[in-house]
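Trainee: Below: sequence and its predicted model.
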There are 2 protein chains.
Amino acid sequence: MKRALFIGAAARAAGVSIHTLRYYERRGLLSAPQRTPAGYRVYEAAVVDRLRFIQQAQALGFTLAEIKEILRLKFSGRSPCDCVRRRLRARLVALEAELKRLRSIRREIRACLDRARRLPRLPHTASAICPIIEIQSLLAKQR
Amino acid sequence: MKRALFIGAAARAAGVSIHTLRYYERRGLLSAPQRTPAGYRVYEAAVVDRLRFIQQAQALGFTLAEIKEILRLKFSGRSPCDCVRRRLRARLVALEAELKRLRSIRREIRACLDRARRLPRLPHTASAICPIIEIQSLLAKQR
DNA sequence: CTTGACCCTAGAGCTGACTCTATGCTTTAG
DNA sequence: CTAAAGCATAGAGTCAGCTCTAGGGTCAAG
């Protein structure tokens, strides 16, 4: 019982736009579907699973290039799981770094706000552009 | 004792590229400097402070558009501090949301890796693309 | 006088993931 | 039959913040 879907129905079923499906096809994340004589794309129902998978992988922070690689492995018959495991670990490392970065930005923002509270009416000095924004630690960490 | 700087010296002093200075000028973050008869930009030393300020504000997560607004207020004679305070608070809120998002991604990645550990040799099912990546909670939160 | 470092402009290219446009054909409901 | 909805393509535009190119002019040292 596999219903065939035109692009609009497939897109609605997966919650993406038809542009996204065509874009994924160009990018190689979806294989070129069958066509009607008039040229309309005809998708199998499985395309919805694939789109959902892409969404899930994206939600984990994978790029489309990485997802494409995972799908390629799957398509070539091998289990993508080892690849996925490796990439998940790499994502975790990158994520920790990003969390650290954001936490230190948060610390600096709080420090700036504290400064602002302690000096409710800051003098209008000529040199500083804004006396609230005076940070050191973040700049050294820039890339 | 204000040394005049050509664009290369100013860029080096602030640790950015000359392209960045010209880009900031186009974007309105730097005012158009004096020129030599040959058309060379001649900066006052204060441009380095301004560039450092931009870097600091960027490190706090401000966009160039926001920084431009802060600089505009400064330039127009008013203290930008109220504006900065408001923006800092908004940044803090956005930052908390982003931290929350990243933490929940981290949670999901850890769950996926746990799943992978519990099933060292996952069966090659026909339906799932990768049995490791099976998440629910992140998708609902998408934008 | 030549070399090399520096400067100029206008504009394109980069990343990532879409998003949309223009123009025109196809399908379906009434 | 007609009008609306849907589909096709190629290609441009979006966001942010640069980054770089092509093709040229300027300037100081040797």
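Mentor: Looks like it came in fine.

Trainee: Could you check how many residues crowd around residue A:16?
Mentor: The tally of other residues near residue A:16 (other C-beta atoms under 10 Å in any protein chain shown) stands at 18. Placement of C-beta: from N, CA and C, glycine included.

Trainee: Could you look up the SS state of it?
Mentor: At residue A:16 the chain is in coil, as set by DSSP: H, G, I helix; E, B strand; the rest coil.

Trainee: which non-adjacent residue is nearest it?
Mentor: The shortest distance from residue A:16 to any non-neighbouring residue, by C-beta to C-beta, 6 or more residues apart in numbering or on different chains, is to residue A:51 (6.1 Å).

Trainee: what's near enough to touch that neighbour?
Mentor: The neighbourhood of residue A:51, defined by C-beta atoms under 8 Å, 6 or more residues apart in numbering or on different chains, consists of A:10, A:14, A:16, A:21, A:24, A:30.

Trainee: swap in residue A:85?
Mentor: B:113, B:116, B:132.

Trainee: And for residue A:58?
Mentor: By C-beta under 8 Å, 6+ apart, the contact list for residue A:58 reads A:64, A:67.

Trainee: Distance of it relative to residue A:52?
Mentor: 11 Å (C-beta to C-beta, to the nearest Å).

Trainee: Rebuild the contacts of residue A:51 as TSV, extending it with distance to residue B:87 and pLDDT.
Mentor: Shown next, in TSV, are the contacts of residue A:51 (distance: C-beta to C-beta, whole Å; pLDDT from 0 to 100):
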residue	distance to residue B:87	pLDDT
A:10	42	95
A:14	38	93
A:16	34	94
A:21	39	96
A:24	37	95
A:30	41	94
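
Trainee: most neighbours, which of those residues?
Mentor: residue A:10 (24 neighbours).

Trainee: Can you name the helix or strand that that residue falls in?
Mentor: Residue A:10 is part of helix A:7-14, with elements assigned from DSSP states H and E.

Trainee: ok, residue A:99 touching residue B:99?
Mentor: Yes - the criterion here is C-beta atoms under 8 Å, and residue A:99 meets it with residue B:99 at 6.8 Å.
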